[in-house]
Every structure is written in C-alpha cells, then in structure tokens.
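A.B. asks: starting from these lines, generate the structure:
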Amino acid sequence: MEQNGKSWKDLCAEAAVEKDPQRLTELIAEITRLIDAEQLKRSPRQNQKIG
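C.D. replies: Numbering: from 1, shown residues only. Now for the predicted structure:
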C-alpha cells in the first residue's frame, strides 16, 4: 500500500486518465514499487540469488 492507502490498482486507474506528465511518471514509479514489494512478499525464494 502507498502512504495514502491506495493500492496499485487504484493508482493504475489514476494513471489511465492523468494528463500531467510529471504526475504520470510519479504514479508509474509508485505502481512499480508496490508491485515489486508484493512480488517479494509472495515469492521470496525466487528472488534470492543462487551461489
């Protein structure tokens, strides 16, 4: 979750209609951060380096 409690899905909906390029870039960065964090929680073994 983002600091203001929005999920990545909420942020995607915002990004779909955002007109300001700077704000769109910020939304995409936050969406990416949230999805990456979710993936780490779900599959920590797949993200560990071998060797």
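
A.B. asks: low-confidence ranges, the protein, go.
C.D. replies: 1-3, 44-51 (pLDDT under 70).

A.B. asks: the helices in this structure, which residues?
C.D. replies: 8-17, 21-42 (DSSP state H).

A.B. asks: now those as JSON lines including mean neighbour count?
C.D. replies: Yep, even glycine has a C-beta here, placed from its N, CA and C like the rest. Output for the helices of the chain, formatted as JSON lines (neighbours: other C-beta atoms under 10 Å):
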{"stretch": "helix 8-17", "mean neighbour count": "14"}
{"stretch": "helix 21-42", "mean neighbour count": "13"}
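
A.B. asks: list the contacts of stretch 25-32.
C.D. replies: With contacts defined as C-beta atoms under 8 Å, 6 or more residues apart in numbering, stretch 25-32 is touched by Glu2, Trp8, Leu11, Cys12, Glu14, Ala15, Glu18.

A.B. asks: mind redoing it with 6 Å?
C.D. replies: By C-beta atoms under 6 Å, 6 or more residues apart in numbering, the list of residues contacting stretch 25-32 from outside reads Glu2, Trp8, Leu11, Glu14, Ala15.

A.B. asks: pick out the residue nearest the middle of the protein.
C.D. replies: Ile31 (2.3 Å; C-alpha atoms, centre = their mean).

A.B. asks: show me what contacts Leu24?
C.D. replies: Per C-beta under 6 Å, 6+ apart, neighbours of Leu24: Ala15, Glu18.

A.B. asks: how much space between it and Leu40?
C.D. replies: 25 Å (C-beta to C-beta, to the nearest Å).

A.B. asks: same thing with Thr25?
C.D. replies: 23 Å.

A.B. asks: repeat that for Ala15.
C.D. replies: 22 Å.

A.B. asks: and if you look at Ser7?
C.D. replies: 16 Å.

A.B. asks: quick one on the thing from earlier: just put the contacts of stretch 25-32 in JSON lines and tack on distance to Ile35.
C.D. replies: Shown next, in JSON lines, are the contacts of stretch 25-32 (distance: C-beta to C-beta, whole Å):
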{"residue": "Glu2", "distance to Ile35": "12"}
{"residue": "Trp8", "distance to Ile35": "5"}
{"residue": "Leu11", "distance to Ile35": "10"}
{"residue": "Glu14", "distance to Ile35": "15"}
{"residue": "Ala15", "distance to Ile35": "13"}
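
A.B. asks: cool, thanks, talk later.
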